[in-house]
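**Q** Quick one, fold the following:
(one chain, ligands or ions: 1)
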Amino acid sequence: MKIQAGIIGTGFIGPVHIGALRRLANIHVRALADDGDETSEKKALELGVDRWYGDYREMLRDDQLQVVHVCTPNHLHYEATKAALEAGKHVICEKPLAMSVAEAEELTELAQTKGLINVINFNIRYYPLIRQLRTMVDRGDMGRIFSIHGSFLQDWLYYDTDYNWRLESSLSGESRAVADIGSHWMDLVEYVSGIEIVEVFADFATMHKTRKKPKKPVETFSNVLLKPEDYVEIPIDTEDYATMLFRFKDGERGVLTVSQVSAGRKCRLYFELDGSKQSAAWDSESPNQLWLGHRDRSNEILLKDPSLSYPEAAQLMTIPAGHNEGFHDACRALCKEVCADVQQGRPSEKPLYPTFRDGLREMRIIEKIIESNNRRSWVAI
Ligand SMILES: NC(=O)c1ccc[n+]([C@@H]2O[C@H](COP(=O)([O-])OP(=O)(O)OC[C@H]3O[C@@H](n4cnc5c(N)ncnc54)[C@H](O)[C@@H]3O)[C@@H](O)[C@H]2O)c1
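**A** Now for the predicted structure:
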């Protein structure tokens, strides 16, 4: 029988998980749960899912369900993940793992004690050329790493009329831009380079001190323009922008700028990794190209091509060279590796996919970044 999966939360990212699972042979999307009966039924019809629940706790009583994907706003990750683990389900949780380090520690420990598969969806790791670069670092192609620098920029919160639950710290967390998008960047560069951030110095800014909150809910990334009668003005207590300096384990240096108010940058994660043999650069908005920089010969652009890539990267490529792979494919590739473990009923010794430990690590780094911004000084991780 196929693995039976259930999805909690079906806004933007929930349907991406559903699409990813549907492109795998050995898993079936059995049920979904959203916020209340009416929304859940509507979403089940739209997404073609047979069973729906207005309360995820009821879904978790289904004995057939083996794996649960937590795709709700951040404040519900802890309670939904905990309930799923207690019900004996494997969990793929969206980032961030929880709202605090203490909650993330508890979930990591619970999953470990129960022997359940636990995954945090740092899906950007699963672009094939990211795996290629990681393999290049492993094989020594980049040489010694000098520095890693870049940005993660968006413009969907550019206007003070742009609104989403992420702007409310009670639903999203104490940090916004850093936790929401900076976490992806930091996870990615640590994953690719194999070196850990050990110290941070952060500087936050909030460009819109107040924003116009719509009187009715607005879905993520829906670009709705509001009229004065549609909103109320509320104060904002999280950052639109942050720059962070990093020191890595062996003295390597790094810098990251995140912003959700950079006009024209839609959702652009960019980094450059400078090594003693060559440099490499990758841009999430052109994910099928890897730039390689040289001092003594022409620079190169490696286009995604299984025949020109290391086997570790080629096995993530589902279509031939010249055909682009994107966000949906990265999520599918992550789910595929997780499914192999779900099939055997327990986590493998050293899973390739990101686990709750990685989610917990990001929570710890973010906590120190917030401390650094408050103290205006370097803080050790
Ligand atoms: N890994 C990624 O690339 C990525 C991308 C986007 C979002 N995310 C993460 O995914 C999560 C969801 O983000 P989104 O952009 O999809 O948000 P969203 O607002 O579009 O969707 C959230 C969904 O959760 C539902 N929900 C709210 N309360 C619920 C409850 N009590 N029970 C069940 N469902 C409930 C909402 O009705 C909605 O359908 C966030 O934690 C975010 O950080 C990750």
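
**Q** mind listing the helices for the stretch 151-300 of the chain?
**A** For the stretch 151-300 of the chain, applying DSSP state H, counting those that start in this stretch gives helices covering 169-172, 177, 183-193.

**Q** just the ones you listed: most buried one?
**A** Highest mean neighbour count among these (mean count of other C-beta atoms under 10 Å): helix 177, with a mean of 26. (C-beta placed from N, C-alpha, C; glycine too.)

**Q** so which residue of the chain comes closest to the ligand?
**A** Distance from the ligand to each residue of the chain (C-beta to the nearest ligand atom) is smallest for residue 11, at 1.9 Å.

**Q** For residue 95, give its distance to residue 172.
**A** 12 Å (C-beta to C-beta, to the nearest Å).

**Q** Hmm, residue 154 and residue 263 touching each other?
**A** No - contact criterion C-beta atoms under 8 Å: residue 263 and residue 154 do not qualify, at 10.1 Å.

**Q** any weak-confidence spans in the chain?
**A** The model of the chain has pLDDT under 70 over residues 218-226.

**Q** how's it carved up into domains?
**A** 3-124+335-353, 128-325 (automatic domain parsing).

**Q** Kindly state which of those domains is positioned closest to residue 372.
**A** With C-beta to C-beta as the criterion, residue 372 lies closest to domain 128-325 of the domains of the chain, at 4.3 Å.

**Q** how far does that closest one stretch from start to finish?
**A** One end of domain 128-325 to the other measures 8 Å (C-alpha to C-alpha, to the nearest Å).

**Q** Flag every residue of the stretch 1-150 of the chain that's near the ligand.
**A** Residues of the stretch 1-150 of the chain lying close to the ligand (C-beta under 6 Å from any ligand atom) are 8-14, 33-35, 39, 56, 71-74, 76, 94-95, 121, 123.

**Q** mind listing which of the residues you listed are in helices?
**A** Within those, residues falling in helices by DSSP state H are 13-14, 39, 56.

**Q** got the helices of the stretch 151-300 of the chain as TSV, with distance to the ligand columns?
**A** What follows is the helices of the stretch 151-300 of the chain, written out as TSV (distance: least, C-beta to the nearest ligand atom, whole Å):
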stretch	distance to the ligand
helix 169-172	8
helix 177	12
helix 183-193	7
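
**Q** Can you tell me the closest non-neighbouring residue to residue 308?
**A** Sequence neighbours aside, residue 302 is the residue nearest to residue 308 in space, at 6.6 Å (criterion: C-beta to C-beta, 6 or more residues apart in numbering).

**Q** what does residue 150 give?
**A** With C-beta to C-beta, 6+ apart as the measure, residue 271 is the residue that lies nearest to residue 150, at 3.4 Å, once sequence neighbours are left out.

**Q** can you check residue 354 too?
**A** Distances taken as C-beta to C-beta, 6+ apart place residue 122 nearest to residue 354, at 4.3 Å, with adjacent residues excluded.

**Q** Ok, residue 49 next?
**A** Nearest one to residue 49, counting by C-beta to C-beta, 6+ apart, is residue 32 at 4.8 Å.

**Q** which residues touch that neighbour?
**A** Residue 32 sits next to 6-8, 10, 14, 18, 40, 43-44, 47, 49, 51-53, 59 when contact means C-beta atoms under 8 Å, 6 or more residues apart in numbering.

**Q** about what we covered before: so for residue 263 and residue 154, which residue has more residues nearby?
**A** residue 154 (21 against 9; other C-beta atoms under 10 Å).

**Q** That one bridge partners, please.
**A** When bridges are called by DSSP bridges, residue 154 pairs up with residue 267.

**Q** quick revisit: looking at the ones in helices among the residues of the stretch 1-150 of the chain next to the ligand, which has the most residues close by?
**A** residue 56 (25 neighbours).

**Q** My read is that that one contacts residue 87, right?
**A** No - assessed by C-beta under 8 Å, residue 56 is found out of contact with residue 87, at 10.2 Å.

**Q** any chance you could read off phi and psi for the residue of the chain closest to the ligand?
**A** phi -90, psi -110 (degrees, to the nearest 10).

**Q** I appreciate the help and will end here.
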